[in-house]
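**Student:** Just a sequence and a predicted model for now, questions to come.
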Amino acid sequence: MQMSITFQVDEAPYEVITERCLCTHEGEREPWVDCSSCKGSGKEDMRLPLYPESNMANSNAFALMSIMNITQEYCGVVDITDIPEVIRNLIFAINSPRTRATIYEADYLVAGRDDDYVYDRCQDLLGVFRKAIEVQRPVFWG
Ligand SMILES: [Zn+2]
């Protein structure tokens, strides 16, 4: 199972940029034939998203889902009609330290998740959902 979850606007455009694979050590070495990233080509395509997206570890994503009041699943979709409520929930959490505390206290306590973390992820997600409203597309995660 994948270790992280990305929230993104459906059909969000992206650019593909080709970079030297890390196995070449900035071009100083021949690519490693068995490299799992470039398979020996020495080049790797990187996907550069043009819309905001938010990636986080599964446990953090599940915690944020509870703040957004969406079903806690490893993948899913928020339809356009449901996005305004999610935006309201995020803005509420951004303005409410007590709401944010509900997901870094109690049973969701994991290393590295504190109030700053939750606040920043709420802001990231707000950017994703606002972009979705702007372009009238659902948001999916997985
Ligand atoms: Zn490589």
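**Tutor:** Received the coordinates, thanks.

**Student:** hey, let's count contacts and neighbours off CA atoms from now on
**Tutor:** OK.

**Student:** who's in contact with the residue nearest to residue 139 when sequence neighbours are not counted?
**Tutor:** Excluding its sequence neighbours, the residue lying closest to residue 139 (C-alpha to C-alpha, 6 or more residues apart in numbering) is residue 9, at 4.5 Å. Applying C-alpha atoms under 8 Å, 6 or more residues apart in numbering, we find residue 9 in contact with 51-53, 128-129, 131-132, 137-140.

**Student:** How about the residues of this protein by the ion?
**Tutor:** 21, 23, 35, 38, 42 (C-alpha under 5 Å from the ion).

**Student:** Could I have the ChimeraX command that selects the buried members from these?
**Tutor:** Selection of buried members from the residues of the chain next to the ion for ChimeraX, criterion 16 or more other C-alpha atoms under 10 Å:
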select :21,23,38,42
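
**Student:** tell me the phi and psi of the residue nearest to residue 139?
**Tutor:** In terms of degrees, to the nearest 10, the main-chain angles of residue 9 are phi -70, psi 130.

**Student:** Check the gap between it and the ion for me.
**Tutor:** Distance of residue 9 to the ion, given as C-alpha to the ion, to the nearest Å: 30 Å.

**Student:** shift numbering so it begins at 27
**Tutor:** Yes, from this point I'll number from 27; that puts the last item at residue 35.

**Student:** ok, residues contacting the longest helix along the chain?
**Tutor:** The longest helix of the chain (DSSP state H) is helix 141-161. Residues from elsewhere that reach helix 141-161 (C-alpha under 8 Å, 6+ apart): 33-36, 77-80, 90, 106, 109, 112-113, 116-117, 119-120, 123, 126-127, 130, 164-165.

**Student:** Run a quick check on residue 129 versus residue 87, I expect a contact.
**Tutor:** No: between residue 129 and residue 87 there is no contact under C-alpha atoms under 8 Å: 10.7 Å.
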